[in-house]
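K.L.:
need coordinates for the below:
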Amino acid sequence: MPRRPPSDANQATGAALGASLIIGLHIVAFCVALFGGSALVNVLVSADNFQQRQNWGLEAIAFAFTGIALYQLPYVIPIALRAKRRGHQGFYKGVVIAAAVTGLISGPCFVMVFGSRL
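P.N.:
Just a heads-up that it's a prediction; the model follows:
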């Protein structure tokens, strides 16, 4: 039996599901980076200097926001490849669009945070 091409409604539903999955994984990755970044800042800042540094939380948030474009790659690439291989074009498009938008948002955040230090 020949395969029928997916309808536009199925493509749109698949794209919405793919984008939703990636957004959910971004939220998880952001939380992990936020807590990991705050732990990293706590380790790097000595106990004497800790009282003087009031913005260590902001540094952890900046770390989490600016790095999302890079640490989304380990989970976006396998999901996108698997969806494309299985022929889920709508889902694939949603994954790629969500990842691209995340990269486009994260790039200016990186420049705003680290631009003056480069």
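K.L.:
and L17, what element?
P.N.:
If you go by DSSP states H and E, L17 is part of helix 8-44.
K.L.:
now for that helix, which elements pack on it?
P.N.:
helix 56-71, helix 73-86, helix 89-114 (3 or more C-beta pairs under 8 Å, 6 or more residues apart in numbering; DSSP states H and E). Where you see a C-beta, it was placed from the backbone N, CA and C, and this is true even at glycine.
K.L.:
go through that helix and flag the buried ones.
P.N.:
Using 16 or more other C-beta atoms under 10 Å as the test for burial, helix 8-44 gives 11, 14-15, 17-19, 21-22, 25-26, 29-30, 33-34, 37-38, 41.
K.L.:
ranking helices and strands of the protein by mean pLDDT, which lands last?
P.N.:
helix 47-50 (a mean of 54; mean pLDDT, DSSP states H and E).
K.L.:
about what we covered before: out of the helices and strands packed on helix 8-44, nearest to S7?
P.N.:
Among the helices and strands packed on helix 8-44, the nearest to S7 by C-beta to C-beta is helix 89-114 (9.6 Å).
K.L.:
returning to what we had before: make a markdown table out of the helices and strands packed on helix 8-44 and add distance to S7.
P.N.:
Shown next, in a markdown table, are those (distance: least, C-beta to C-beta, whole Å):
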| stretch | distance to S7 |
| --- | --- |
| helix 56-71 | 33 |
| helix 73-86 | 17 |
| helix 89-114 | 10 |
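K.L.:
in a markdown table: those helices, plus mean neighbour count and mean pLDDT.
P.N.:
Listed next are the helices and strands packed on helix 8-44 as a markdown table, based on neighbours: other C-beta atoms under 10 Å; pLDDT from 0 to 100:
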| stretch | mean neighbour count | mean pLDDT |
| --- | --- | --- |
| helix 56-71 | 17 | 73 |
| helix 73-86 | 14 | 94 |
| helix 89-114 | 17 | 86 |
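K.L.:
check what pLDDT S38 gets.
P.N.:
Listed pLDDT for S38 reads 62.
K.L.:
okay, the angle between the helix holding L17 and helix 89-114?
P.N.:
Orientation of helix 8-44 against helix 89-114 (axes from the mean of the first three to the mean of the last three C-alpha atoms, to 10 degrees) gives an angle of 30 degrees.
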